[in-house]
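Participant: Requesting a structural model of the entry that follows:
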Amino acid sequence: MREQLLGTLPDTRRKLLLTGWFSFLHGEVTAGDVLAMERVRDVLVGAGIAHDVAWSPGFRPEALHLVDVRPEDYSALVFVCGPVQGWQIEELHRRFAHCVRVAVGTSVIAPDSPAATGFDHVLARDASDAEPGRDLAARAPALPPRPVVGVVLTHGQHEYGRQRRHEQVAEQVTRWLAGKDCARLELDTRLDTRDWRLCATPAQLESVLTRLDLVVTDRLHGLVLALRAGVPALAVDPVAGGAKVTAQARACAWPALVPAERLDGRELQRWWHWCLTSGRVTARQIAAEFREGVVRDGADRLVEVLQTRLAGHGPVGRNA
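Facilitator: Got it, this is the predicted structure:
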């Protein structure tokens, strides 16, 4: 393909436009499609072929969009990944009729459709008349790791009345998180044996938490369970003046706490950085304290209290 394409492009205009379903206004942008595109870009760069990428304005509003492209600026169009079917692809053929048009890593569902036959060449990923090939995403350039962040938020707790700031906290935190370069995983501490989206046991939830780099939460148990797993928690107290989240952070000697009144991007960023650096060690130390029972809790005193309160009512014990 590389030699054929290079030979087709005129010397005065060798630019290529890279497109896919990620280019269309209402097209779906998937991780697989973008990785497949990056694999093709890697090949084009290696071959010295100048190219642009057309993005959906709904996904990359600041990038080059199909509506703004001048077809006469290009000699070739490459369509990457996904099915070669539909009016959007047929429109590409009409707009770029003068270009060499190649589809690569695609699924050919209807070989005789105008969308498929409009290409000069199709390097199919799968088609009814050919052996399947490996998806392009598999050989995309290696990606740097990103923090995996569990997000545990609550919209309830109406018992706090006018002190509630839960909706404002959730809106600010999630808007801020949307701009962070991280993998976000929405979690819930609620258990349910019937809903597959929720964990059914604490062990299942803990298995998820131990695989995270950070937990962002406005829930008391979001904080405690993260620390129990040795994972740093960026905690926000959603109650004006502070309530149980603040109290628990103090009890655990955990500093990464943001009051609702001081919630802003700068404060979140400060504790985000701490959690992903020094906070990792601190979280592991607190988890070890939990396991070893370094600090007494209410359960340690329960039997003593029961025996005192029930004095005169008979012994308290297994054989009573």
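
Participant: alpha carbons only for contacts and neighbour counts from here, please
Facilitator: Will do.

Participant: Doesn't Glu38 belong to a strand?
Facilitator: No. Applying DSSP: H, G, I helix; E, B strand; the rest coil, one finds Glu38 to be helix, outside a strand.

Participant: Just give the nearest non-adjacent residue to it, would you?
Facilitator: Ala140 (5.9 Å; CA to CA, 6 or more residues apart in numbering).

Participant: One more: Ala183?
Facilitator: Val148 (4.7 Å).

Participant: Would you mind checking which helix or strand in this structure has the lowest mean pLDDT?
Facilitator: helix 2-8 (a mean of 46; mean pLDDT, DSSP states H and E).

Participant: Beyond it, next helix or strand please.
Facilitator: strand 16-20 (DSSP states H and E).

Participant: tell me which strands and helices that next one is in contact with?
Facilitator: If contacts are counted by 3 or more CA pairs under 8 Å, 6 or more residues apart in numbering; DSSP states H and E, strand 16-20 sits against helix 31-47, strand 51-53, strand 76-80.

Participant: Quick one, which of those gets closest to Ser23.
Facilitator: strand 51-53 (8.2 Å; CA to CA).

Participant: got a list of contacts for that closest one?
Facilitator: Here strand 51-53 makes contact (CA atoms under 8 Å, 6 or more residues apart in numbering) with Lys15, Leu16, Leu17, Leu18, Thr19, Leu44, Leu64.

Participant: what about 7 Å?
Facilitator: Contacts with strand 51-53, where a contact means CA atoms under 7 Å, 6 or more residues apart in numbering, come from Lys15, Leu16, Leu17, Leu18, Thr19, Leu64.

Participant: Pairing partners for the third one in the sheet, please.
Facilitator: Leu17 has the following beta-bridge partners by DSSP bridges: Asp52, Leu77.

Participant: Give me the distance between it and Ala54.
Facilitator: 7 Å (CA to CA, to the nearest Å).

Participant: for the first one, same thing?
Facilitator: Lys15 is 13 Å from Ala54, where distance means CA to CA.

Participant: Looking at those two, which one has more neighbours?
Facilitator: Between Lys15 and Ala54, counted using other CA atoms under 10 Å, Ala54 has the larger neighbour count: 22 against 18.

Participant: And the more buried one, what's its pLDDT?
Facilitator: Confidence at Ala54, expressed as pLDDT, is 97.

Participant: Next, give phi and psi for it.
Facilitator: phi -100, psi 120 (degrees, to the nearest 10).

Participant: these two touch, right, it and Leu18?
Facilitator: Yes. With contact defined as CA atoms under 7 Å, Ala54 and Leu18 form a contacting pair (6.3 Å).

Participant: what is the rounded mean pLDDT of the strand ranked longest in the chain?
Facilitator: As assigned by DSSP state E, the longest strand anywhere in the chain is strand 100-108. The average pLDDT within strand 100-108 is 97.

Participant: Equivalent analysis for stretch 274-291, please.
Facilitator: On average, stretch 274-291 scores 97.

Participant: Which residues in it does the neighbour count mark as buried?
Facilitator: Buried residues in stretch 274-291, counted by 16 or more other CA atoms under 10 Å: Trp274, Cys275, Leu276, Gly279, Arg280, Thr282, Ala283, Arg284, Ile286, Ala287, Ala288, Phe290.

Participant: Give the full set of residues in contact with the nearest residue to the fifth one once chain neighbours are set aside.
Facilitator: Think Arg280. In this structure, Arg280 finds its nearest non-sequential neighbour in Pro232, 5.7 Å apart by CA to CA, 6+ apart. Pro232 makes contact with Leu214, Val215, Ala226, Cys275, Gly279, Arg280, Ala283, according to CA under 7 Å, 6+ apart.

Participant: Repeat that for Ala63.
Facilitator: Residues in contact with Ala63 (CA under 7 Å, 6+ apart) are Trp55.

Participant: From Gln168, how far off is Pro232?
Facilitator: Relative to Gln168, and taking CA to CA, Pro232 is found at 23 Å.

Participant: Show me the strands in the chain, by range?
Facilitator: 16-20, 51-53, 76-80, 100-108, 121-127, 148-152, 183-186, 214-217, 233-237, 257-259.

Participant: Out of those strands, which is the most enclosed?
Facilitator: strand 233-237 (a mean of 29; mean count of other CA atoms under 10 Å).

Participant: quick one: low-confidence parts of the protein?
Facilitator: For the chain, the stretches with pLDDT under 70 are 1-14, 312, 314-320.

Participant: Please repeat the previous calculation with a cut-off of 80.
Facilitator: Across the chain, the ranges flagged by pLDDT under 80 are 1-14, 27, 156-161, 312-320.

Participant: For it, which segments are assigned as helices?
Facilitator: 2-8, 31-47, 87-95, 114-117, 166-178, 202-209, 220-228, 244-251, 265-275, 278-292, 298-309 (DSSP state H).

Participant: what helices or strands is the shortest one leaning on?
Facilitator: Applying 3 or more CA pairs under 7 Å, 6 or more residues apart in numbering; DSSP states H and E, we find helix 114-117 packed against helix 87-95.
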